[in-house]
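K.L.:
Structure, please.
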Amino acid sequence: MNPSNRIQSLPPYLFAEVDKKVAKAKSEGKDIINLSIGDPDLPTPKPVVEKLCEAVRNPETHHYPSYAGMKDLRVEISKWMKKRFNVSFTEDEICTLIGSKEGIAHLPLGIINPGEYAIYPDPGYPVYRTSIMFAGGNPIQMPLKEENKFLPDLGKLKKDVRHLKTWGNKAKLMFLNYPNNPTSAVIDKKFLKEIVDFAIENEILICYDNAYSEMTYDNYVAPSIFEIKDAEKVAIEMFSFSKTYNMTGWRIGFAVGKSENLNLLKKVKENFDSGVFNAIQIAAIEALTNKNVEKTEMQNMKIFEERRNVVCEKLDELGAKFEKPKATFYIWVKINKKKFKENPSMKFCDNAIEKGVVLTPGVGFGEYGEGFVRIAITQSKNKIAEGIERIKDLF
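P.N.:
Next up, the predicted model:
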């Protein structure tokens, strides 16, 4: 059977390609240190696991869940949003997701008609661009450059949008993600306000991916887009349990927004999925409300901070160029182009995997990721230090 044009137009999915290379290296007997994908090695907090075990034994959790999510969970998310960001949303303005990736992938289907336009960051999470393409939309690249601290160039963006209008077209959706994957860049409320004002002026819906909001260091506090005046008119915000609570395999997240915006996503979900398993939702309530989970979360962030410091110290010793991250569990490192002149990020990573270390090539996140590699600090300090030692001659 021949694949659809839609499938043929898609680039290879970055992490699937990385997995293939890891499998090949392991089959060759290499001892692999995987510093590529953002999948924490730390376990899900014990009270969350215990609550799942308890809930799954209750036959009442075995039925179809609500499309929007359990009311009890949405109420707790509402309380968390108020406590964390001082913003108010009712349970009807919250929708559970089968991981934030699912919400990101489905949202364009509720907004974009074939041939219409949407903006995505480059470098960025690959699903932003592919979700636009699956909806039949035209992706508009929004470069995130080192000289702009990996923030959008609003002047260029405004020019691009004006150019579309001269041809009778408009952008309807923009993906935005801070703290940022893959660059670890952060944003302040002043710049976020400029983006919200731009979206209001141009009637663009912002999908604000805040998956790393709780993974911050050095007293940096990541904002919600809804802390910005009038953002509720033009934004949906996505959150994930994956990073905050080490629940990547559980597949649960949530979206927040005023009904007129959130209903665009809800309608798609009603037709495509049947919601998150109720026992997992009950465990998610435990994650949000249990004080011991909160303590574990803080302890885990100290572990990630120590790992970040180890990597940064090692990279400093090697003379590598990077910014010490204030958030996420990634370090975005510039490649020495004197050593790697053509396709530098792929060649760097291919050389690294020969030494038993898996990294993520920056070009896998888009054209403007070329010249960088991403290091994930999702292994122990000793393994991370050994991994950097193995590849030190590549810097």
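K.L.:
ok, and the closest non-adjacent residue to N336?
P.N.:
If the residues on either side of it in the chain are set aside, N336 comes closest to F395, at 6.2 Å by C-beta to C-beta, 6 or more residues apart in numbering. Every C-beta, even on glycine, is put in place using the N, C-alpha and C of the backbone.
K.L.:
Now do that neighbour against K243, distance only.
P.N.:
27 Å (C-beta to C-beta, to the nearest Å).
K.L.:
Between the two, which has more neighbouring residues?
P.N.:
Taking neighbours as other C-beta atoms under 10 Å, F395 and K243 compare with K243 leading, 24 against 18.
K.L.:
What helix or strand is that one located in?
P.N.:
helix 241-244 (DSSP states H and E).
K.L.:
What are the boundaries of the helices in this structure?
P.N.:
Applying DSSP state H to the chain gives helices spanning 5-9, 14-27, 46-56, 71-85, 100-106, 126-134, 154-166, 189-202, 241-244, 259-272, 278-289, 291-317, 344-354, 381-390.
K.L.:
got those helices as a markdown table, with distance to Y330 and mean pLDDT columns?
P.N.:
A markdown table is the format used below for the helices of the chain (distance: least, C-beta to C-beta, whole Å; pLDDT from 0 to 100):
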| stretch | distance to Y330 | mean pLDDT |
| --- | --- | --- |
| helix 5-9 | 28 | 84 |
| helix 14-27 | 13 | 80 |
| helix 46-56 | 24 | 98 |
| helix 71-85 | 22 | 98 |
| helix 100-106 | 16 | 97 |
| helix 126-134 | 15 | 96 |
| helix 154-166 | 24 | 92 |
| helix 189-202 | 20 | 98 |
| helix 241-244 | 11 | 95 |
| helix 259-272 | 27 | 96 |
| helix 278-289 | 23 | 98 |
| helix 291-317 | 9 | 97 |
| helix 344-354 | 14 | 93 |
| helix 381-390 | 12 | 96 |
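K.L.:
between the ones you listed, which one is nearest to D92?
P.N.:
Evaluated over the helices of the chain, closeness to D92 peaks at helix 259-272, with 6.4 Å, by C-beta to C-beta.
K.L.:
Give the buried residues for the closest one.
P.N.:
261-266, 268-269 (16 or more other C-beta atoms under 10 Å).
K.L.:
on that earlier part again, residues touching the residue nearest to N336, list them.
P.N.:
F395 sits next to 315, 318-320, 333, 336 when contact means C-beta atoms under 8 Å, 6 or more residues apart in numbering.
K.L.:
Can you turn the buried part of those residues into a ChimeraX selection?
P.N.:
Here is the ChimeraX command that picks out the buried ones among these, judged by 16+ other C-beta under 10 Å:
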select :315,318,320,333,336
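K.L.:
dump the residue contacts of the nearest residue to I331 once chain neighbours are set aside.
P.N.:
In space, and not counting its chain neighbours, I331 is closest to I375: 4.5 Å by C-beta to C-beta, 6+ apart. For I375, the contacting residues are 35, 311, 330-331, 333, 359, by C-beta under 8 Å, 6+ apart.
K.L.:
Same list (these) but as a markdown table, adding distance to I204.
P.N.:
Formatted as a markdown table, the contacts of I375 follow (distance: C-beta to C-beta, whole Å):
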| residue | distance to I204 |
| --- | --- |
| L35 | 36 |
| V311 | 37 |
| Y330 | 27 |
| I331 | 31 |
| V333 | 32 |
| L359 | 34 |
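K.L.:
and which of the residues you listed is nearest R129?
P.N.:
Nearest to R129 among those, with distances taken as C-beta to C-beta, is Y330, at 19.0 Å.
K.L.:
Would you agree the closest one is in contact with N181?
P.N.:
Yes: using C-beta atoms under 8 Å, Y330 is in contact with N181, at 6.5 Å.
K.L.:
quick one: common contacting residues for those two?
P.N.:
G38.
K.L.:
Now, the contacts of I375 that are in strands?
P.N.:
330-331, 333 (DSSP state E).
K.L.:
how far away is the residue nearest to I331 from V56?
P.N.:
For I375, the distance to V56 - C-beta to C-beta - is 36 Å.
K.L.:
A376: how many residues sit nearby?
P.N.:
Quick note: A376 (other C-beta under 10 Å) scores 24 neighbours.
K.L.:
List the contacts of it.
P.N.:
A376 neighbours (C-beta under 8 Å, 6+ apart): 35-39, 329-330, 360.
K.L.:
Tell me what it is bridged to.
P.N.:
Counting by DSSP bridges, A376 is bridged to Y330.
K.L.:
again with E237
P.N.:
Going by DSSP bridges, E237 forms beta bridges with Y208, V256.
K.L.:
State the distance from it to M1.
P.N.:
Where M1 is concerned, E237 sits at a distance of 39 Å (C-beta to C-beta).
K.L.:
who's more crowded, those two?
P.N.:
Counted by other C-beta under 10 Å, E237 and M1 do not tie: E237 has more neighbours, with 26 against 3.
K.L.:
pretty sure that one is touching F254, no?
P.N.:
No: in this structure, E237 is not within contact of F254 by C-beta under 8 Å, at 9.1 Å.
K.L.:
care to break this protein down by domain?
P.N.:
5-43+293-394, 47-290 (automatic domain parsing).
K.L.:
which one of those domains is the most hemmed in?
P.N.:
Mean neighbour count (mean count of other C-beta atoms under 10 Å) peaks for domain 47-290 among these, with a mean of 19.
K.L.:
What is the end-to-end distance of that one?
P.N.:
8 Å (C-alpha to C-alpha, to the nearest Å).
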